[in-house]
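Quick one: sequence and predicted model below, then my questions.
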Amino acid sequence: MKLLIYIFLALSASLLVFNVLHVDFEAPLMGDSFAAVVGVGASLCAIILLIILQLALKIKQKVK
């Protein structure tokens, strides 16, 4: 499970970088740049959720 979480974290981080590179900072909410901004938000949400899952699994181990 830990390996799978790390793989998903790496994928989310790479998608975050990819989408940040495609954002046009002069008009971030126009055209293809809007899709990149949404992708950045989705990648950040995925990273946060995966970190929360990792912490929850650590707590579960300590309780046992």
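Sure, I can see it.

So what's the gap between the helix or strand harbouring Ile48 and the chain middle?
Assigning secondary structure by DSSP states H and E places Ile48 in helix 32-63. Relative to its chain's centre, helix 32-63 lies at 5 Å (Cα atoms, centre = their mean, to the nearest Å).

helices and strands around it, which ones?
helix 2-21 (3 or more Cβ pairs under 8 Å, 6 or more residues apart in numbering; DSSP states H and E). Placement of C-beta: from N, CA and C, glycine included.

got the CA positions of the helix it packs on in PDB?
Taking C-alpha atoms only, helix 2-21 is exported to PDB below (Å, rounded to 0.1, in the frame of the first residue of the first chain):
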ATOM      1  CA  LYS A   2       2.800   2.400   0.800                       C
ATOM      2  CA  LEU A   3       4.400   1.800  -2.600                       C
ATOM      3  CA  LEU A   4       1.100   2.500  -4.300                       C
ATOM      4  CA  ILE A   5       0.700   5.800  -2.400                       C
ATOM      5  CA  TYR A   6       4.200   6.900  -3.400                       C
ATOM      6  CA  ILE A   7       3.500   6.100  -7.000                       C
ATOM      7  CA  PHE A   8       0.300   8.100  -7.000                       C
ATOM      8  CA  LEU A   9       2.100  11.000  -5.300                       C
ATOM      9  CA  ALA A  10       4.800  11.000  -8.000                       C
ATOM     10  CA  LEU A  11       2.100  10.900 -10.700                       C
ATOM     11  CA  SER A  12       0.200  13.800  -9.100                       C
ATOM     12  CA  ALA A  13       3.400  15.800  -8.700                       C
ATOM     13  CA  SER A  14       4.400  15.300 -12.300                       C
ATOM     14  CA  LEU A  15       0.900  16.300 -13.500                       C
ATOM     15  CA  LEU A  16       1.100  19.400 -11.300                       C
ATOM     16  CA  VAL A  17       4.400  20.400 -12.900                       C
ATOM     17  CA  PHE A  18       3.000  19.600 -16.400                       C
ATOM     18  CA  ASN A  19      -0.100  21.800 -15.800                       C
ATOM     19  CA  VAL A  20       1.800  24.700 -14.200                       C
ATOM     20  CA  LEU A  21       4.000  24.800 -17.300                       C
END
